[in-house]
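> I would like the atomic coordinates for the input below:
(2 chains)
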Amino acid sequence: MGLPRVGDHAPEFSAKGFFQGAVNEFSLSDCKGKWLVLFFYPADFTFICPTEVTGFSKLAKAFVDESAAILGVSVDSIDSHRAWAAELGGLEYPLLSDEDKRISAAYGVLSEPDGVALRATFIINPDALISYEVVSHVNVGRSVEETLRVLKALRTDRLCPSDWHPGEPTGDVALKY
Amino acid sequence: MSLSEIQQKKQVIESRSRIREFVFGIQDGLISTVGLLAGVQGATENSLVVIVTGLTAMFSGAISMAAGSYLSAGAQKDIFDKEITDAEKLAEREPYIAAEGLLKALGDEGLTKEQSYRMVKTLLQERNVFLRTFREKVFGLGSAEINQPLPAALVMGLSFVMGAAVPIVPYLIFSGVSAFYVSGLLGGLTLFGVGAFKGRLAGQSLWSAGAQFFLVAVGAAVVGYLIGLIVQYFFPGITIPAG
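From the prediction side, this is the model:
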């Protein structure tokens, strides 16, 4: 399955997730009406992944302030997520278990040879449409700060120039092109 | 096994890795000399010629084998040293990749991801320990795999002399066909003994290990004698002793 495009409806998903000691069901429809940052990472208990997973946790409040939920997804089991969250000292958002790899495949980020998800981040708007997506090689970690910056820019619903930051001028969308 | 025996085991294993040169040296010294002496005996009745030929072959063979062992062990060591240096540079340059590599190696050996992660995380706290474990587990470059050239050469050379001396000694005591038979018998018994010794170190049946060595020796001696017969056929002036 290919990568969905910006503007497409985000593929539906429903999966068990671990969050602060509890296991619950999480789905795309639960997030309708608010922004969702859905990020995929290859695996628990590796040495490159923790920097991103903890990075999102450290800035979780900032995302909540932007009316956004964060969901992390990997192909590991719930038990693995439970142990991984404990190893990292607790996380401020749920980790979803995509053991059957359906969510990763639906979002076009499943790496077939390895059977794990690529590093991918999707920002999904309150209407469940994909507003932003980025996919990188498993060796390169993402910038959580950049994800937050983009989310803030999208929420302005205005034209934002390159490297825009809050407080800087924006443009009327009617002026585009 | 006591704790002190376990702690000494590494040195024992490294010294026992010399078995390769010991077996190779004795086997080559003995078999090549039995075959050579059988051939020379088949071509001439002069015991002095047989003895001088044997001694010459013994010393020249020992030097040749020692030199070859030194060069081959040295080549292997040089390559391994470079690989070890490259492995350590990789770990320095790309610590995340090195950690992931060790993580995978431990997982391949049967540890869970969680166990492997905790082990690598602990090892990362001590750079030298991490590097040593990384090169052993990921690249298989442990100290037991690296053959030191000088000890290898010495063991090879001395083993060759030991092996070659066994079939020569009977020619100092006996003459003619008797010397040949005793030389062959002693050679066979020695090879059986070396095979049994190897079998003991390797936890194998002493009889089957000894028999393996013995059969190889008999084959070489038969070939050597046949060469002597062929020499006689083409040089009819050389007589073969009766019986």
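> May I see the buried residues of stretch A:52-59?
For stretch A:52-59, a neighbour-count test (16 or more other CB atoms under 10 Å in any protein chain shown) marks A:52-57, A:59 as buried. C-beta: built from backbone N, CA, C; applies to glycine.
> do it and chain B meet at all?
No - Stretch A:52-59 is not in contact with chain B by CB under 8 Å from any CB of the partner chain; minimum separation 12.2 Å.
> And for B:Val52, the neighbour number?
Residues near B:Val52, counting by other CB atoms under 10 Å in any protein chain shown, number 13.
> again with the one 4 residues further on
Using other CB under 10 Å, the number of residues around B:Thr56 comes to 11.
> For it, give me the pLDDT.
As predicted, B:Thr56 sits at a pLDDT of 94.
> Specify which member of the buried residues of stretch A:52-59 is nearest to chain B.
A:Glu52 (12.2 Å; CB to the nearest CB).
> excluding its backbone neighbours, what's nearest that closest one?
A:Gly141 (5.1 Å; CB to CB, 6 or more residues apart in numbering or on different chains).
> and that neighbour, what pLDDT?
Reported pLDDT for A:Gly141: 74.
> Would you mind confirming that it makes contact with A:Thr51?
Yes - assessed by CB atoms under 8 Å, A:Gly141 is found in contact with A:Thr51 at 5.2 Å.
> So in that sheet, which strands flank the helix or strand harbouring A:Phe39, and in what orientation?
A:Phe39 is part of strand A:35-40 when elements are defined by DSSP states H and E. Strand A:35-40 pairs in its sheet with strand A:68-74 (parallel), strand A:119-124 (antiparallel), by DSSP bridges.
> Those residues of chain B touching chain A, which are they?
Counting by CB under 8 Å from any CB, chain B sits next to chain A at B:95-97, B:99-100, B:103, B:113-114, B:116-117, B:120.
> Just the residues you listed: which are in helices?
Within those, residues falling in helices by DSSP state H are B:95-97, B:99-100, B:103, B:113-114, B:116-117, B:120.
> which among these end up buried?
Looks like those have B:99-100, B:103, B:113, B:116-117, B:120 buried, using 16+ other CB under 10 Å.
> Kindly present these as a markdown table, with separate columns for pLDDT.
A markdown table is the format used below for these (pLDDT from 0 to 100):
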| residue | pLDDT |
| --- | --- |
| B:Ala99 | 89 |
| B:Glu100 | 87 |
| B:Leu103 | 91 |
| B:Lys113 | 89 |
| B:Ser116 | 94 |
| B:Tyr117 | 93 |
| B:Val120 | 93 |
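> so who does B:Leu106 touch?
B:115-116, B:119-120, B:137 (CB atoms under 8 Å, 6 or more residues apart in numbering or on different chains).
> go on, B:Phe235?
If a contact means CB under 8 Å, 6+ apart, then B:Phe235 has B:Ala43 as its contacts.
> Give me the contact list for the lowest-mean-pLDDT helix or strand in chain A.
Lowest on mean pLDDT, DSSP states H and E among the helices and strands of chain A sits helix A:49-58, with a mean of 86. For helix A:49-58, the external contacting residues (CB under 8 Å, 6+ apart) are A:37, A:39, A:41-43, A:63, A:70, A:72, A:74, A:84, A:88, A:90-93, A:95, A:119, A:141-142, A:144, A:147.
> repeat that for 7 Å
Applying CB atoms under 7 Å, 6 or more residues apart in numbering or on different chains, the external contacts of helix A:49-58 come out as A:39, A:41-43, A:70, A:72, A:88, A:91-93, A:141-142, A:144.
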